[in-house]
Structure formats: C-alpha cells, structure tokens
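Student: sequence below, structure please.
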Amino acid sequence: MPQIPCFRLQPAPNREPPFDDEPASGRSGLAGSRDQQLPFVVAEAAAPRFRPLGRAGEPEPRDQLPEPGRFARRFAIAVIEAATGRRTAGQLSNYTSPGVQAGLVRDAGRINRLGTAARPASLHSMHVVEPADGVVEAAAIVRVETRYRAIAFRLEGVNGRWRCVRLQIG
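Tutor: Numbering: from 1, shown residues only. Here you go, the predicted structure:
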C-alpha cells in the first residue's frame, strides 16, 4: 500500500512592509531549518542616505544641499529635453515630486513650443532666488529661434539633494 504524504498547513507570511512605527522582524521569510541568513554586512558608506524630512515636512538646511544654481541650470535643460522628447521623463523621477513627474510623463514629447529637432531650444538665462532655507525658486528663459519662453520651478531640499515640487512651462 503506497504511503500518502503528510501535509502541514502553515499561515502565509505577511507580504506587507512594516509601518514606520512597527519594528521589522529579525528573520524574514526563512523556510526551513537548513536555511541561513546570508552574511551581508552593509557598510555605513554604502547605506542609503534617506532621512525623514524635518518636522512637518520642512526642507533640509541649505548647508546640507548642493549649490542650487548649477543644479537649477541642469534641471532646466533636462526639462526642455523631456518636454521635447529628446529625453525620457522617467530620467527626472529622482529629482521631481510625484505630481511634477506625472505632468512630465503626460506631456513628454508634446510641448513643441520649447523647440523641436529642426528648431532646437537654448537656455538664454537663469534667475535663482532662495526665499527660505532649503528652498529655491528659479526661472529659466529659453530661446527658440526668435521667440522666448519661460520655465519656472520650485526646488526643495530632500535627503541631501534638490527636488522639484512645482513646475510651470510657459
């Protein structure tokens, strides 16, 4: 007579990540007695630099952020490239808020007033103002042949880098 295998019913592991106030479990998802945790040690330098925002979502202090003028100039050029289809909008996702990113994805490649392959745009001038600590408001003047357009955006310091939280293309 063949032996019928014996099955044990076990609850499924929790697949949801822990909330911020819940401690993470020490061992995650080890199945059998022979499974061992891998001996990975995360060095302090290799650990991600993500820190929570200050109280009530305040931007980081200015001394912990890179120079805003250079970043604003590079960001304005990247927005022009994304808007005209020469760059994918996804390349800006680390530097934009979800709302700004959704707008760039929606309009990418369709804003021909900022130039085309036949009529390339060039950055004419940049104006950068710091109204508060860790906040930058910038206006870029873009030249397309004989016409000028404006791009205005607001940057806030988050996790040691600038992040665009508002973008207006005129």
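
Student: where do the strands sit along this protein?
Tutor: 121-132, 135-144, 147-158, 161-169 (DSSP state E).

Student: can you list the low-confidence ranges for the chain?
Tutor: Of all residues in the chain, those with pLDDT under 70 make up the ranges 1-2, 16-59, 109-118.

Student: in it, which spans are helices?
Tutor: Secondary structure of the chain (DSSP state H): helices located at 68-84, 98-107.

Student: tell me which of these is the most buried.
Tutor: Mean neighbour count (mean count of other Cβ atoms under 10 Å) peaks for helix 68-84 among these, with a mean of 20. Backbone N, C-alpha and C define where each C-beta goes, glycine included.

Student: show me what that helix is packed against.
Tutor: Packing contacts for helix 68-84, counted by 3 or more Cβ pairs under 8 Å, 6 or more residues apart in numbering; DSSP states H and E, involve helix 98-107, strand 121-132, strand 135-144, strand 147-158, strand 161-169.

Student: again, only using 6 Å
Tutor: If contacts are counted by 3 or more Cβ pairs under 6 Å, 6 or more residues apart in numbering; DSSP states H and E, helix 68-84 sits against strand 121-132, strand 135-144.

Student: would you mind finding the most buried of those strands?
Tutor: Comparing the helices and strands packed on helix 68-84 on average neighbours, where mean count of other Cβ under 10 Å defines a contact, strand 135-144 leads with a mean of 19.

Student: name the residues that touch that strand?
Tutor: Residues outside strand 135-144 that contact it (Cβ atoms under 6 Å, 6 or more residues apart in numbering) are 59, 68, 72, 76, 115, 119, 121-122, 124-131, 148-149, 151-156.

Student: now swap in stretch 124-134 and tell me
Tutor: 59-62, 68-69, 72-73, 136-141, 143, 157.

Student: CA atoms of that stretch as PDB?
Tutor: Output in PDB follows, covering the C-alpha atoms of stretch 124-134 (Å, rounded to 0.1, in the frame of the first residue of the first chain):
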ATOM      1  CA  HIS A 124      19.100  82.100 -22.600                       C
ATOM      2  CA  SER A 125      19.300  83.000 -18.900                       C
ATOM      3  CA  MET A 126      18.600  81.700 -15.400                       C
ATOM      4  CA  HIS A 127      17.300  83.600 -12.300                       C
ATOM      5  CA  VAL A 128      17.600  81.800  -9.000                       C
ATOM      6  CA  VAL A 129      16.200  83.000  -5.700                       C
ATOM      7  CA  GLU A 130      16.300  81.400  -2.200                       C
ATOM      8  CA  PRO A 131      13.200  82.700  -0.400                       C
ATOM      9  CA  ALA A 132      13.800  80.400   2.600                       C
ATOM     10  CA  ASP A 133      16.400  78.000   4.000                       C
ATOM     11  CA  GLY A 134      16.400  74.800   1.800                       C
END
